[in-house]
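**Student:** quick one, fold the following:
(2 chains)
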Number of protein chains: 2
Amino acid sequence: MALIVQKYGGTSVGSPERIQAVARRVAKYKAHGHQVVVVVSAMSGETNRLIDLAKKIQPQPDPRELDVVISTGEQVTIGLVSMALLELGLKAKSYTGAQIRILTDNAFTKARILSIDEQNIRTELAGGYVVVVAGFQGVDENGNITTLGRGGSDTTGVAIAAALRADECQIYTDVDGVYTTDPRVVPEARRLKSITFEEMLEMASLGSKVLQIRSVEFAGKYKVKLRVLSSFEEEGEGTLITFEEDKMEQAIISGIAFNRDEAKITVRGVPDKPGIAYQILGPVSDANIDVDMIIQNVSLDGTTDFSFTVHRNEFDKAMGILKNQVQKHIGAREVAGDSRIAKVSVVGVGMRSHVGIASKMFRTLAEEGINIQMISTSEIKISVVIDEKYLELAVRVLHKAFDLDQEDI
Amino acid sequence: MALIVQKYGGTSVGSPERIQAVARRVAKYKAHGHQVVVVVSAMSGETNRLIDLAKKIQPQPDPRELDVVISTGEQVTIGLVSMALLELGLKAKSYTGAQIRILTDNAFTKARILSIDEQNIRTELAGGYVVVVAGFQGVDENGNITTLGRGGSDTTGVAIAAALRADECQIYTDVDGVYTTDPRVVPEARRLKSITFEEMLEMASLGSKVLQIRSVEFAGKYKVKLRVLSSFEEEGEGTLITFEEDKMEQAIISGIAFNRDEAKITVRGVPDKPGIAYQILGPVSDANIDVDMIIQNVSLDGTTDFSFTVHRNEFDKAMGILKNQVQKHIGAREVAGDSRIAKVSVVGVGMRSHVGIASKMFRTLAEEGINIQMISTSEIKISVVIDEKYLELAVRVLHKAFDLDQEDI
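**Tutor:** Okay, the predicted model is just below:
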């Protein structure tokens, strides 16, 4: 008998029929004697419908009130999933984030989980109940409703698995695992049987979209065994997310991630002195804008250029902050931006022990005439920013160059 | 400066434009220096949409889970109304039933309010905020979400007005007040400038549908000044609900109420002995079925006939209970029922001091050939059950017979 947390995304609960299919899957696990906690997202399309409704009333919706509105999506789903389980004769009970008590900070629309009171869940599980928990939402210490940002239901699932020390956290989605890259761009893309947490972290943050980055961080931190599966297939083992030390054979590169949701901003002619990076990024961060890549090159004649990328939705806001608050204050020459960019990354723990990955990547792109605008590297990935029109081409040629269409050794 | 609670029903918040109109009305009251608490229903159609969704998954939805699902309707509205107020430059903050803490019993889908913690609201009002409260919902002592039943938002509005000792509770709806009867049935129906609590109680419970009965009970009990207004008109004073002693001039009859949502059940040949009424109605009440009219006539040869009415939706359930659990147990000869009935009532505090109201009512119906199946009377109303096909005719002739189409003296 194991304790399993299953998280179902929006498409997996997108209709009454899909919800009934989820209930049947849960019933199968219960029939094997397992204890099951189900974490669900809003029905597909529902969160966007609610956001659109809010924007009709307030073009820039108040974050606290937006969370009040959009958190209802998951609340509807927990009730419906519980009903489907009850209809199958199982014992089931729904819990909102506030009812569990998933305590978060008060950064509305992008809150972080601080703690989970798992006592309610344990009591219900002991009583034979399937516990159905609303993903994506929590409450701050004053009882205000918060949400965790897009994909936050994954984080809820992993956080609950961690709090319960569950045997496995299964993430059900509309894909059957993690691929070497997006099969819509590269038809030869293969499903990976396993991937390390670190790779997954890089893949997720770079936009492979299977799992939200914070959920992977959580899983790594609390050693939660995480598996990505398709809710549309009866069988299939999905992709297991492993700790690096578990992995016997390592491909040099596990996958090609990409992201076209970003925009780049460059602050030119910045006096090169201590504290300048903070003076540029502090106001951006204060406005709750997440910054992704940050590049600062060596200085020329006492000034330097400072570049970073933000989510495309926040490009205008970030540009406004830099032009109105920052530029004059720090004496920069110019603030320039471009939202028609894309980021492409090669990811793999194997690259640590293999030289030449970067040069192979750059050569491959050069051979296709693709200009590289920014470069950023970590231990296990190399990312480049290119003109967005070359994105598909770049992904295809890199996928082939690194032999990702070949079977694992 | 007054403290005003305004309650807006589903049609009043049925679209983004309607919500913006609500915000403008609230802003007008704020501009006059008043403190305002806004209580809202779900957007029109939303509760039914959610119930339909639930029924697709569980034909008889689990009451606890149904409340989890349908309470989201009001939660969406409070967020949207708060945004509309913020967009007008006002300070506004939404509260769910759980956040206020509107404590109820645990009779899911028809819970009753036990207490309201008004401290949060008072603090926000003192800080200059408009407080936007979700109607229809609360929590039980274990933190389970509950709802108050159809029209429960009225009850929330009045209960909050009572807890805050508000100067007035304004109920905004799609009609501009309480009429002598339904204008769709009798075009000559007039709006009443005022009506007593007791009359309103009889009117509401008999199906005039402007206000939910419990809200009127609450208002009477806690002496809340209640006014029914149209949210679709800029001006207009609506109908004020008064205490009887305030009323100088009294019409004998204030209105004709009617209801076609009921069904009648008769238990024939019941041994006429103590405890029999409880033995019949106890199991019905245990199944949470509300009973309206109850009639027991004098006994003949040691047995009597016992009749009562229930909501038409619960007719089959009530018949099942009587036939399977009650009939044999009490030794009744027969259980018979009819769901094609309607109830018509004349209501007025003035009838206490005027004789002949009943005979005038019965004669008027007899002149039209309408057979009376059941009669029930109280201090201020006389109700009859008739074949539903005669309903409109009965209402029209009674409205005329009691001069309700004439102006107040």
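
**Student:** okay, residue A:369: pLDDT?
**Tutor:** Looking at residue A:369, its pLDDT stands at 92.

**Student:** how about the residue of the stretch 101-250 of chain A found nearest chain B: what's its closest non-neighbour residue?
**Tutor:** As assessed by CB to the nearest CB, chain B sits closest to residue A:143 within the stretch 101-250 of chain A, at 5.6 Å. C-beta coordinates here come from the backbone N, C-alpha and C atoms, glycine included. In space, residue A:143 comes closest to residue B:99 once its chain neighbours are excluded; the distance is 5.6 Å by CB to CB, 6 or more residues apart in numbering or on different chains.

**Student:** please work out which residues outside the helix or strand containing that neighbour touch it.
**Tutor:** Element membership for residue B:99 (DSSP states H and E) is helix B:97-100. With CB atoms under 8 Å, 6 or more residues apart in numbering or on different chains as the contact definition, helix B:97-100 has outside contacts at A:98, A:143-145, B:71, B:74, B:116-118, B:120-121, B:133-134, B:136-139, B:143, B:145-146, B:156, B:160.

**Student:** what about 6 Å?
**Tutor:** A:143, B:134, B:137, B:138, B:139 (CB atoms under 6 Å, 6 or more residues apart in numbering or on different chains).

**Student:** could you do stretch A:160-174 as well?
**Tutor:** Against stretch A:160-174 from outside (CB under 6 Å, 6+ apart): A:2-9, A:11-12, A:116, A:118, A:157-158, A:222, A:224-229, A:231.

**Student:** if we use 8 Å, what do you get?
**Tutor:** Stretch A:160-174 is contacted from outside by A:2-9, A:11-12, A:22, A:25, A:37, A:39, A:100, A:116, A:118, A:121-122, A:133, A:154, A:157-158, A:210-211, A:215, A:218-219, A:221-222, A:224-232, A:238, using CB under 8 Å, 6+ apart.

**Student:** stretch A:358-374 now?
**Tutor:** A:264, A:293, A:295, A:307, A:309, A:341, A:346, A:377, A:382, A:384-387, A:390, A:393-394, A:397-398, A:401-402.

**Student:** tell me the pLDDT of the residue of chain A most remote from its centre.
**Tutor:** Centroid-distance maximum for chain A: residue A:301 at 40.4 Å, with CA atoms, centre = their mean. According to the prediction, residue A:301 has pLDDT 78.

**Student:** up against chain B, what does the stretch 101-250 of chain A have?
**Tutor:** Within reach of chain B by CB under 8 Å from any CB of the partner chain, the stretch 101-250 of chain A has these residues: A:143, A:144, A:145.

**Student:** stretch A:117-135: how far from the chain's middle?
**Tutor:** Counting by CA atoms, centre = their mean, to the nearest Å, stretch A:117-135 is centred 26 Å from the centre of its parent chain.

**Student:** just the CA coordinates of that stretch, formatted as PDB?
**Tutor:** Extracted in PDB, the C-alpha atoms of stretch A:117-135 (Å, rounded to 0.1, in the frame of the first residue of the first chain):
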ATOM      1  CA  ASP A 117      -1.000  21.800   7.300                       C
ATOM      2  CA  GLU A 118      -1.300  18.200   6.300                       C
ATOM      3  CA  GLN A 119      -3.300  17.100   9.400                       C
ATOM      4  CA  ASN A 120      -6.700  17.300   7.700                       C
ATOM      5  CA  ILE A 121      -5.500  15.200   4.800                       C
ATOM      6  CA  ARG A 122      -4.000  12.600   7.000                       C
ATOM      7  CA  THR A 123      -7.200  12.300   9.000                       C
ATOM      8  CA  GLU A 124      -9.300  11.900   5.900                       C
ATOM      9  CA  LEU A 125      -7.000   9.400   4.300                       C
ATOM     10  CA  ALA A 126      -7.000   7.300   7.500                       C
ATOM     11  CA  GLY A 127     -10.800   7.400   7.300                       C
ATOM     12  CA  GLY A 128     -10.700   5.900   3.800                       C
ATOM     13  CA  TYR A 129     -11.400   9.100   1.900                       C
ATOM     14  CA  VAL A 130      -9.900  10.200  -1.400                       C
ATOM     15  CA  VAL A 131      -8.900  13.800  -0.700                       C
ATOM     16  CA  VAL A 132      -9.500  16.100  -3.600                       C
ATOM     17  CA  VAL A 133      -7.400  19.300  -3.200                       C
ATOM     18  CA  ALA A 134      -7.700  22.500  -5.200                       C
ATOM     19  CA  GLY A 135      -4.300  23.300  -6.900                       C
END
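
**Student:** tell me the mean pLDDT over it?
**Tutor:** The average pLDDT for stretch A:117-135 rounds to 97.

**Student:** identify each buried residue in it, please.
**Tutor:** Across stretch A:117-135, burial judged by 16 or more other CB atoms under 10 Å in any protein chain shown covers A:118, A:120, A:121, A:124, A:125, A:129, A:130, A:131, A:132, A:133, A:134, A:135.

**Student:** likewise stretch A:255-273?
**Tutor:** Within stretch A:255-273, the residues that count as buried by 16+ other CB under 10 Å are A:255-259, A:262-267, A:269-270.
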